[in-house]
Structures are given as C-alpha cells and as structure tokens.
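Chemist: Predicted model follows, preceded by the sequence.
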Amino acid sequence: MFIQTLVTGLAIGGIYALMAVGYSLVFSILNFSNFAYGSIIMLGAYMGYFAMTEIGMPIGVAIVLSIVGSAALCFLNEKLAYSTLRKRKASSLYFMISAMGTAIFLENLVYATIGSRFYAFPQVLTQLNLEFMDISIGVLDVFAILFSFLAILTLHYFLQTSKIGIAIRAASYDMQVCELNGVNITKLIGWVFILAGALAGISGMFLGMKYMVYPTMGWITNKAYIAAVIGGLGSLPGAVTGGLILGVLETFVSAYVSSVVRDAFSFTLLVVLLMVLPTGLFGKFLEEKV
C-alpha cells in the first residue's frame, strides 16, 4: 500500500512539476504568473485525445503532436496577449489581467466549439499493471514518472549548454544587461513560451490520460501554481521540488486521511510555508510578485 501510494504520488508530482516549471520559466523572465497556462494545458489534452480517437494515431505520435501544438499556442499567446504590453513596459498587473482574460476566452471557445462533455482517453496504458509480490503499480504512473523526469532533464541540459538556454538564464538575472550584450529579447521570450508550451503539452496528455478531458481541466494547474510558489517562483529546481512534494503529500493525505481534505491541505501547506519562507524554498526576493 505504501509503495503503491508513493508511486502514484510521484506520478502526480511529476505532472505538477512539469506544469510548475512552465510557470516558473515565464515568471523568471517576465516577472508575472501566466494564468492562461492552464488553458494551454487543456487544449494540449484535447489535441492528444482527438489525435488518438479521430485520427487513430499511436500514443507516442499523439504526445509529439500535443507538444508541438501546445508550444505553438503558447507562442501565439505571448504574441497576442503580452507582446504589446511588454513593449509599452506595462506593470505585472496588466499582464495578469490579460492572462486571466485569455484563459476565460479559450475555455469558453472550447465550450462553444467542442462542448462541455467529458472525454476519456483510449485505455492504452491505464489498464496495465506491474505486479510485484503483493504490490500492483500502474504502468501509466511509471510511464508518467519516467517521461516527466526525462522532459525536465532534457530542459535542464538545454538551459545549461545551448546558447538560447544560457541567454534565458542570463535574462532571468537581468534582462536589460542581457539586451545590452546583444541578445534579441523578443526572440528569447518567444523561445521561453515555446519551451513552456511544450511542457504544457506533455502534462496535458498525462492529465487527460490519468483523469479525463474537459473544458475546465486547466484549473487543476492551480496545484502546479502552488507547487511553483512552494519551490520559489522563478526557480526551476524549486518548481520540480515543489511539484514532487505537493504530489506525494496530497496522495498520502488522500490515501490515509481523506480525499475530501486534500485541497484544503494543499492551500494550508502553501499559507504555512509562505509565513515561514515568503519566497518559497529556492526563490529569490523580488519587490513585486503578481
């Protein structure tokens, strides 16, 4: 029971970590929380679902399609909703308002075009289990853990070794100095949103496969936002750590206490932690956080 619960918690935590890293990538550069990110994740889940059910794509191809489609949507999100505000040097509050408006628009667009039905992914991995002694572990959970950590490690390698990754890390410290050294900030921000969108596609696929696909599923990213804040907004190691901590603790609370108090536990954990560590576990002090 303990090992099964731990594996499930790590799987959920891995998905939270993917979403939290996407949040933190954008926050590290633009210093605002992209609340439209949940809608991008939701659309990524829909793309993967229809790719598998309507076109008949295998799961691997559907994941790639979801990644590419979500990255493109996230890039368009920046160009249409934030680019003008950025050029006018608007405050973070206006970015947040634009993000919330985008989220509401995309959610209602799905209601108007696809409908409010709940869709279940084809049972490719959900019914498979690994049996070891008296322990039964879902293949989907193992696959989610491995794929999530592979995606995060790939992103880490990209940020540490590539020219774009080094520029992103430099801009997270001081964007103006980075621009004075010849970095094209507009293109750099576009890359940040593409990377965040790719992570949204992966997490959307796994969320849809583990639960279901529906227009308001993007609101589950509130948990990823909690994870990002726990780890420290703008810190990628913090986002991963916060996602894993939250996923594991939530799962154990659901299994050994009650699933009814799971959400209350998450928000209570956030409040208590911020009272002790206002910038999160690995966050840096900023004058303004929105």
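Modeler: Sure, I can see it. Here the structure is a predicted model, which is why all the values come from computation and not from measurement.
Chemist: so residue 183 sits right up against residue 167, yeah?
Modeler: Yes - Residue 183 lies in contact with residue 167 (Cβ atoms under 8 Å); the separation is 5.0 Å. No exception for glycine: its C-beta is placed from N, CA and C like everyone else's.
Chemist: ok, residue 48 touching residue 208?
Modeler: Yes - between residue 48 and residue 208 there is a contact under Cβ under 8 Å: 6.3 Å.
Chemist: Give me the below-cutoff pLDDT ranges for the stretch 151-290 of the chain.
Modeler: 234, 283-290 (pLDDT under 70).
Chemist: So which bits of the helix or strand where residue 166 lies are buried?
Modeler: Per DSSP states H and E: residue 166 is located in helix 163-173. Neighbour-count burial for helix 163-173, counted by 16 or more other Cβ atoms under 10 Å, picks out 164, 165, 167, 168, 170, 171, 172.
Chemist: Skipping adjacent residues, who's closest to the second one in space?
Modeler: Excluding the flanking residues, the one nearest residue 165 by Cβ to Cβ, 6 or more residues apart in numbering is residue 159, at 3.7 Å.
Chemist: Next up, the contacts around that neighbour.
Modeler: Remark: with contacts taken as Cβ atoms under 8 Å, 6 or more residues apart in numbering, residue 159 is in contact with 165, 166, 168, 169, 236.
Chemist: of all those residues, which two lie farthest apart?
Modeler: Farthest pair in these (Cβ to Cβ) is 166 and 236. Separation: 14.0 Å.
Chemist: mind checking pLDDT for residue 45?
Modeler: At residue 45, the pLDDT value in this model is 92.
Chemist: ok, it - contacts?
Modeler: 66, 204, 205, 207, 208, 213, 217.
Chemist: let's see it at 6 Å
Modeler: 204, 207, 208, 213 (Cβ atoms under 6 Å, 6 or more residues apart in numbering).
Chemist: how much space between it and residue 193?
Modeler: 19 Å (Cβ to Cβ, to the nearest Å).
Chemist: cool, residue 113 as well?
Modeler: Counting by Cβ to Cβ, the gap from residue 113 to residue 193 is 23 Å.
Chemist: which one of these two has more residues nearby?
Modeler: Between residue 113 and residue 193, counting by other Cβ atoms under 10 Å, residue 193 is the more crowded of the two (28 against 7).
Chemist: residues contacting that one?
Modeler: Contacts of residue 193 (Cβ under 6 Å, 6+ apart): 74, 75, 78.
Chemist: Mind checking which of those residues are in helices?
Modeler: If you go by DSSP state H, those have 74, 75 in helices.
Chemist: Any of the contacts of residue 193 buried? List them.
Modeler: 74, 75, 78.
Chemist: which non-adjacent residue is nearest the first one?
Modeler: Distances taken as Cβ to Cβ, 6+ apart put residue 197 closest to residue 74, at 2.7 Å, once the chain neighbours are dropped.
Chemist: Mind telling me what element the one you found is part of?
Modeler: Using DSSP H and E, residue 197 maps to helix 185-210.
Chemist: chain center to that helix: distance?
Modeler: 7 Å (Cα atoms, centre = their mean, to the nearest Å).
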